[in-house]
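K.L.:
sequence first, predicted coordinates after that:
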Amino acid sequence: MIIAIDGPAASGKGTLARLIAEHLGYACLDTGLLYRAVARDVLARGQSLEDEEFAAQAARMIDTATLDDPELRSPGAGDAASVVAKFPAVRQALLALQRAFADQSPGAVLDGRDIGTVVCPDADIKIFVTADLAVRAQRRFEELRRRGDPVTLEAVTEILRLRDERDQSRADAPMRAASDADLLDTTEMDIEAAFDAAVGLIKRRIARLG
Ligand code: DC
């Protein structure tokens, strides 16, 4: 069983993916961490994020044991990830790893931007999680303030807007809902309500799969 969860930054897709995987006893992969790690490794070698060949090489050499690095969770790492993620050679280098992860028993949940469209187009269940930009920015702002980051809501909103634009407009595997995905708008939901709604969607899909 493969569950694909896609959506923009701060939509709640990562938390949802983790909760769904725990609920079902499935493995979970936050694929954004792969792109974040590639950007980290490029910068650590003193190279430019705009060097596609170097970034692709970093992607081919990625060490998945380093994905729990707390630095990868910073907003800067997310932005840097979005830059290297536009390169087809980087995306190609990360494809086999993601597909191998998806192909496990009893099931896997993967979250990202292109799981339902490119990585696992045959996923059994696809959910595209959205929320209004203002709500996503407020969530991210509160999360950063709790961590002691002196950001402003305006800055967080602008950073998310630019990241959405970059992820949606790249030529290769842009962020978009697969035509057969269920949409889950979490604008007016807290995480418990979003989880209940996602479980409802999954149950309906499973019933239809027979
Ligand atoms: O989900 P995230 O915020 O950790 O992702 C960071 C960036 O990585 C995101 O802005 C675009 C890129 N990404 C991607 O292109 N495809 C994915 N499947 C996951 C992330």
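P.N.:
Perfect, thanks for sending it. Residues are numbered from 1 along each chain as shown.
K.L.:
now the strands for this protein?
P.N.:
Counting by DSSP state E, residue ranges of the strands within the chain are 2-6, 27-30, 108-112, 125-130, 182-185.
K.L.:
now render those as CSV, adding mean neighbour count and mean pLDDT.
P.N.:
C-beta here means a position set from N, CA and C on the backbone, and glycine is covered the same way. As requested, those are exported to CSV (neighbours: other C-beta atoms under 10 Å; pLDDT from 0 to 100):
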stretch, mean neighbour count, mean pLDDT
strand 2-6, 28, 98
strand 27-30, 19, 98
strand 108-112, 27, 98
strand 125-130, 24, 98
strand 182-185, 17, 98
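K.L.:
quick check: which of the ones you listed is nearest to residue 75?
P.N.:
strand 27-30 (15.4 Å; C-beta to C-beta).
K.L.:
pairing partners for that closest one, with directions?
P.N.:
Using DSSP bridges, the strands paired with strand 27-30 in its sheet are strand 108-112 (parallel).
K.L.:
quick one: buried residues of the top helix by length along the chain?
P.N.:
As assigned by DSSP state H, the longest helix anywhere in the chain is helix 191-209. For helix 191-209, a neighbour-count test (16 or more other C-beta atoms under 10 Å) marks 194-195, 197-198, 201-202, 205 as buried.
K.L.:
show me what that helix is packed up against.
P.N.:
Packing partners of helix 191-209 (3 or more C-beta pairs under 8 Å, 6 or more residues apart in numbering; DSSP states H and E): helix 13-24, strand 125-130, strand 182-185.
K.L.:
good, wrapping up.
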